[in-house]
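S.K.: Here is my input, please return the structure:
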Amino acid sequence: MDVRKSAVDLTDQERDRFLEALIRLKHRPAPAGPAGVSVYDQFVALHTAVMTVLPPGSPPSPPVNYAHWNIGFCAWHRQYVRQFEKALQAEVPGVTVPYWDWTDHQGAVTKLFTGDFLGSLASGPPAPLPNSVLRNPVPPAERPAWWPTDIAGATGYAIHPLLEEGFGTRLARRKGAQAWPPGKAQIAQLEQLVLQQPGVHPFWYFWAALEEGFMARDDNGAQVYTPTHNTGHNFIGGHMSRGFSPNDPVFWLHHANVDRLWATWQTRRLTTVPGSKPKDHYPPPQQLSPFTGEAQPPGHGLNDKMWPWVGTTPGYDTDQTPQLKALLPDFTGAEAVTVLDVLDTQTMDGEGYDYATP
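M.R.: You can find the predicted model right below:
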């Protein structure tokens, strides 16, 4: 079973192996893809394409966001990050995706957002990273010993022109949200968040709190709004703040932490409700949203297939340009994956993974 560690707890060797896997994947040509497109680029393109899915039998509009703004947010990103982790392991066996513990900001500043890891945080207008192996190009004299010299053209970390969203082809950041990240006390409340209302599954409220934010008690006992996942994207800024946010590798650590918090919540619920199973801690398919009164959209229900992991089921499409569609990975040869299939991190995909305590 794989174990994901806090980024600040990685050894130098673990950090370097993760970075090597990133750089190798960024230069691994996409199978049957257009020239100049890497496997990493395919994952980036997928994150925007999933926002405009056209399910079988659906009208031309509106498209469905299979990964955001509803309860499938947690499950889709769990599968997405796991597939990315598998791709990294194909490059460097044994590598796992570390998580960015939002509550340890000092540790992140001194160990994660540094020149020898994922590069510095920024302030002011969006600007290319001034340091780290995520620059393009990385001067030969500054390339670390693990740099993949066996890959032709591996000179730096370049953003694909179709995926740059106005920020350019060099990875850019801009520190946006100042009142972030959340503290330990607030996140502890999130991990235990269970709002009980008749006919409403508690996960609805946990998901909304995790994706967007929630009211938490501060050190003085006052209720304050605590932003979470969405604001984290804007806190990094630049490429991380748009649909192609996985351009910035911080994305994967950010979402590993999102997944860790969900896994912690799930474990607490399983312990609190003896004899329950993971599926009991996800809304039943027929339950309407307590926020909108609407049915769960396709891809978000317990038994729904999560695009693009729909197996051989025909009729799916995404409302994107032909140029972007050409960048998407092809999962048609793989088995279909439902929300139910990913509710337990320790058993999903036949191998599973767990989180080390920070």
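S.K.: Please enumerate the helices of this protein.
M.R.: Remark: helices assigned in the chain by DSSP state H are 12-26, 39-49, 72-91, 105-107, 184-191, 203-211, 229-236, 250-272, 322-325.
S.K.: Out of those helices, which one sits most buried?
M.R.: Neighbour counts (mean count of other Cβ atoms under 10 Å) averaged over each of these peak at helix 39-49, with a mean of 23. The way it works is simple: take the backbone N, C-alpha and C, and place the C-beta from them, glycine included.
S.K.: Same list (the helices of the chain) but as JSON lines, adding distance to P126.
M.R.: Formatted as JSON lines, the helices of the chain follow (distance: least, Cβ to Cβ, whole Å):
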{"stretch": "helix 12-26", "distance to P126": "20"}
{"stretch": "helix 39-49", "distance to P126": "17"}
{"stretch": "helix 72-91", "distance to P126": "24"}
{"stretch": "helix 105-107", "distance to P126": "21"}
{"stretch": "helix 184-191", "distance to P126": "28"}
{"stretch": "helix 203-211", "distance to P126": "24"}
{"stretch": "helix 229-236", "distance to P126": "11"}
{"stretch": "helix 250-272", "distance to P126": "14"}
{"stretch": "helix 322-325", "distance to P126": "22"}
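S.K.: Select, out of those, the one closest to P144.
M.R.: With Cβ to Cβ as the measure, helix 12-26 is the member of the helices of the chain nearest P144 (6.7 Å).
S.K.: Check which helices and strands the closest one sits against.
M.R.: helix 39-49, helix 72-91 (3 or more Cβ pairs under 8 Å, 6 or more residues apart in numbering; DSSP states H and E).
S.K.: picking that back up, would you tell me which of the helices of the chain gets closest to T149?
M.R.: helix 12-26 (11.1 Å).
S.K.: how much does the closest one deviate in direction from helix 250-272?
M.R.: 120 degrees (axes from the mean of the first three to the mean of the last three Cα atoms, to 10 degrees).
S.K.: contacting residues for the residue nearest the centre of the chain?
M.R.: Closest to where the C-alpha atoms of the chain average out (Cα atoms, centre = their mean) is H255, at 3.5 Å. By Cβ atoms under 8 Å, 6 or more residues apart in numbering, the contact set of H255 is 77, 80-81.
S.K.: closest to Y282 among those residues?
M.R.: Closest to Y282 out of the contacts of H255 is H77 (14.7 Å), distances taken as Cβ to Cβ.
S.K.: any idea how far Y316 is from the closest residue to that closest one other than its chain neighbours?
M.R.: Nearest residue to H77 in three dimensions, chain neighbours excluded: H255, at 5.1 Å (Cβ to Cβ, 6 or more residues apart in numbering). Counting by Cβ to Cβ, to the nearest Å, the separation of H255 from Y316 is 23 Å.
S.K.: I figured F235 was touching R174, is that so?
M.R.: No - F235 lies out of contact with R174 (Cβ atoms under 8 Å); the separation is 9.7 Å.
S.K.: The residue nearest to Q223 when sequence neighbours are not counted bridge partners, please.
M.R.: Using Cβ to Cβ, 6+ apart and skipping the chain neighbours, the partner closest in space to Q223 is M215 (4.9 Å). With DSSP bridges as the criterion, M215 is bridged to Y225.
S.K.: neighbours around M215, how many?
M.R.: M215 has 12 neighbouring residues, counting by other Cβ atoms under 10 Å.
S.K.: same question, W69
M.R.: W69 has 15 nearby residues by other Cβ under 10 Å.
S.K.: ditto for T110
M.R.: 11.
S.K.: Which residue, other than its chain neighbours, is closest to it?
M.R.: Excluding its sequence neighbours, the residue lying closest to T110 (Cβ to Cβ, 6+ apart) is V8, at 7.9 Å.
S.K.: could you list every residue that touches the one you found?
M.R.: 101, 104, 107-108, 110-112, 358.
S.K.: From those, keep the buried residues only.
M.R.: By neighbour count, with 16 or more other Cβ atoms under 10 Å, the contacts of V8 hold 101, 104, 107-108, 111-112, 358 as buried.
S.K.: pLDDT check: weakest of those residues?
M.R.: The lowest pLDDT within the buried ones among the contacts of V8 belongs to P358, with 88.
S.K.: What is the nearest of the buried ones among the contacts of V8 to V337?
M.R.: For the buried ones among the contacts of V8, the nearest to V337 is D101 (27.5 Å; Cβ to Cβ).
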